[in-house]
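Novice: Based on what follows, work out the 3D shape:
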Amino acid sequence: MSLWPVRTGAHWWQDFVAPADVVMFYRGRITFKGSTHQAPWHNALSYIGPRGDLFAEGMKKYGWTVRNQRDWS
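Specialist: Okay, the predicted model is just below:
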């Protein structure tokens with residue numbers, strides 16, 4: 001799992017984040033522990049692995065999840 005700033009037009013986003021098994025677009029902006037301010041950008045979490053269903057189910061309350069259909073068998 002990786003935390004990324006949402007920059008969908010950037011080459012690195014399209015190379016590293018878009019191909020993930022699940023991407024969760026966080027609703028709102030993250031406030032990191034110990035900080036009094038929110039992050040100045042929107043965030044997404046990406047997951048690569050065979051248990052994308054569990055990741056998507058557990059994270060759906062935090063934002064919108066998108067699944068990339070991949071066969072892990």
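
Novice: If you average the pLDDT over the longest helix seen in the chain, what comes out?
Specialist: When the chain is parsed with DSSP state H, its longest helix is helix 52-59. In this model, helix 52-59 carries a mean pLDDT of 93.

Novice: Need the contact partners of it.
Specialist: Contacts of helix 52-59 with the rest of the structure, by CB atoms under 8 Å, 6 or more residues apart in numbering, involve 1, 21, 22, 24, 45, 47, 49, 65, 67, 68, 70. In this view, the C-beta of every residue, glycine as well, is placed from N, C-alpha and C.

Novice: how about the residues you listed in CSV, adding neighbour count?
Specialist: Rendered in CSV, the data for the contacts of helix 52-59 read as follows (neighbours: other CB atoms under 10 Å):
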residue, neighbour count
1, 12
21, 20
22, 23
24, 22
45, 21
47, 21
49, 13
65, 19
67, 14
68, 14
70, 13
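
Novice: out of those, who's nearest residue 34?
Specialist: Checking the contacts of helix 52-59 against residue 34 by CB to CB gives residue 45 as the nearest, at 19.9 Å.

Novice: give the contact list for the closest one.
Specialist: Applying CB under 8 Å, 6+ apart, one finds that residue 45 lies in contact with 1, 2, 3, 4, 23, 24, 26, 59.

Novice: Just flag the most distant two among these.
Specialist: The distance between the two most remote of those (CB to CB) is 13.8 Å, for 4 and 59.

Novice: what about this structure, any weak spots by pLDDT?
Specialist: Counting by pLDDT under 70, the chain contains low-confidence residues at 70-73.

Novice: try 80 this time
Specialist: 69-73 (pLDDT under 80).

Novice: Would you quantify the distance from residue 16 to residue 24?
Specialist: 15 Å (CB to CB, to the nearest Å).

Novice: and the residue nearest to the spatial centre of the chain, what element?
Specialist: Compute the mean C-alpha point of the chain, and by CA atoms, centre = their mean the closest residue is residue 45, 2.1 Å away. Element membership of residue 45, judged by DSSP states H and E, is strand 43-47.
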